[in-house]
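Undergrad: compute the structure for the input listed below.
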Amino acid sequence: MTFSLPSLPFAPGALAARGMCQETLELHHGKHHQGYVNALNGLVDKNDVLKGKSLEDVIRFAHGRDDLAPVFNNAGQHWNHSLFWNCLSPQGGGIPASLEKKLTADFGSVDKFKEQFKAAALGQFGSGWAWLILGTEGRLKITKTGNAGTPVATREGKALLVIDVWEHAYYMDYRNRRPDFVDNFLAKLANFEFAAAQLAAA
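TA: Here you go, the predicted model:
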């Protein structure tokens, strides 16, 4: 199986008015993400055990194995970024009623969800991700992972929404101001419609 770079679900310049410029998308998607895909394909091509496995199976197989750390890193980054693009929208920020009800039930309010999500995104030291997931017990929860870490590996639950807090995700637009990037993501970029659809399908 050869892995490929997914197309963006919007034009590269579609988020510029919402706080993410076209150059950020072109570099992040076309250079960084493409680089992970290329590296992953090269690694899988050299390992007969990995050939034919799904991306999720590759991640789980390589997780925790020092000898397969490069495989895990590139596979995790490929999976995480593929989800991240769907978590962005030119019409982002609005929360559908179905998701609002679940957020309120599990966090107390939408504002409390946003506070906890932002805290996870800012509390991730260095590079990584903050996630909204539907846990295996049926409740929404927030988690964070470093570098290429992903809920796919830990089987914590189904990922509904993710923000990339690697600096290449925001440095061109916000320099070192990660809090501003996270605030803008929640207010203007987050595709809560996608998160609601993920929840409904779970």
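Undergrad: tell me which element L25 is part of?
TA: helix 22-27 (DSSP states H and E).
Undergrad: L103 and A121: what is the separation?
TA: Separation of L103 from A121 (C-beta to C-beta, to the nearest Å): 16 Å. For the C-beta atoms, the positions are set from N, CA and C on the backbone; glycine is no exception.
Undergrad: and the chain, what are its domain boundaries?
TA: Annotated domains of the chain cover 21-86, 97-201 [automatic domain parsing].
Undergrad: would you mind pulling up the elements that the helix holding L25 packs against?
TA: If you count contacts as 3 or more C-beta pairs under 8 Å, 6 or more residues apart in numbering; DSSP states H and E, helix 22-27 packs onto helix 171-174.
Undergrad: what about the helix or strand following the helix it packs on, distance to the chain center?
TA: Per DSSP H and E, the first helix or strand lying C-terminal to helix 171-174 is helix 178-184. Centre-to-centre, helix 178-184 and its host chain are 15 Å apart (C-alpha atoms, centre = their mean, to the nearest Å).
Undergrad: likewise stretch 25-36?
TA: Its chain's C-alpha centre and that of stretch 25-36 lie 14 Å apart, by C-alpha atoms, centre = their mean.
Undergrad: state the mean pLDDT of the longest helix anywhere in the chain.
TA: If you go by DSSP state H, the chain has its longest helix at helix 69-86. Mean per-residue pLDDT for helix 69-86: 98.
Undergrad: buried sites along the helix or strand that that helix is followed by?
TA: Downstream of helix 69-86, the first helix or strand assigned by DSSP H and E is helix 97-107. For helix 97-107, burial by neighbour count (16 or more other C-beta atoms under 10 Å) applies to 99-100, 102-103, 106-107.
Undergrad: what would these look like in a markdown table with pLDDT?
TA: Below are those laid out as a markdown table (pLDDT from 0 to 100):
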| residue | pLDDT |
| --- | --- |
| L99 | 98 |
| E100 | 98 |
| K102 | 98 |
| L103 | 98 |
| D106 | 98 |
| F107 | 98 |
